[in-house]
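1. Sequence first, then the predicted structure, then my questions.
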Amino acid sequence: METYNRKRLDIIVEAPLLRHVVALLEAEAVRGYTVMPCLSGKGPESSWHEGEISDAFAKRLIIVIAQEEQARQVMAAAHSLLSDYSAIITLSDVEVIRADHF
C-alpha cells in the first residue's frame, strides 16, 4: 500500500470562535476539515468540562489535513487570528492513503 506525506493541523478554540476559524479555512481554500467537540481538559492554570454554567467556554477541535505549504499558511493565518484568545494550534506529520483528498 502506498502512502503520501501530509500535514495535520489541529486547532482548539472556544466554541464562539469556531465560525471565525471556519471562515479562515474557507478563505484559504482548504479542501476539507473536521470539527469535533472537546469534552474536558486541563491546562497549567485550570481544568474545564463541557456543559458547565455557560457554553461560552466550550471548546472545539478543528482538524485539517493538507499539503505542507497550505498547512503552514493556514497555521500562520490562524495564529494571527487567534493570538489574543485561548487557543492551541499544532502541526504534525501524517501519512494518508488517498492523496487526491488532501
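-> Here it is on my side, so go on.

2. Pull out the buried positions in the helix or strand bottoming out on mean pLDDT in the chain.
-> Scoring the helices and strands of the chain by mean pLDDT, DSSP states H and E places strand 47-49 at the bottom, with a mean of 73. Buried residues in strand 47-49, counted by 16 or more other C-beta atoms under 10 Å: residue 48. Quick note: C-beta positions are derived from backbone N, CA and C, even for glycine.

3. and what of stretch 18-31?
-> Across stretch 18-31, burial judged by 16+ other C-beta under 10 Å covers 18, 21, 24-25, 28, 30.

4. for stretch 87-99, same thing?
-> Within stretch 87-99, judged by 16+ other C-beta under 10 Å, the buried ones are 87, 89.

5. swap in stretch 1-17?
-> The neighbour-count check on stretch 1-17 (16+ other C-beta under 10 Å) flags 6-9, 11-15, 17 as buried.

6. And stretch 70-87, by the same measure?
-> Of the residues in stretch 70-87, those buried by neighbour count under the rule 16+ other C-beta under 10 Å are 70-71, 74-75, 78, 81-82, 87.

7. Now tell me what touches the longest helix anywhere in the chain from outside.
-> Of all the segments assigned as helix in the chain under DSSP state H, the longest by residue count is helix 68-82. For helix 68-82, contacts defined as C-beta atoms under 8 Å, 6 or more residues apart in numbering pick out 5-9, 11, 13, 17, 20-21, 24-25, 27-30, 64-66, 87, 89, 91.
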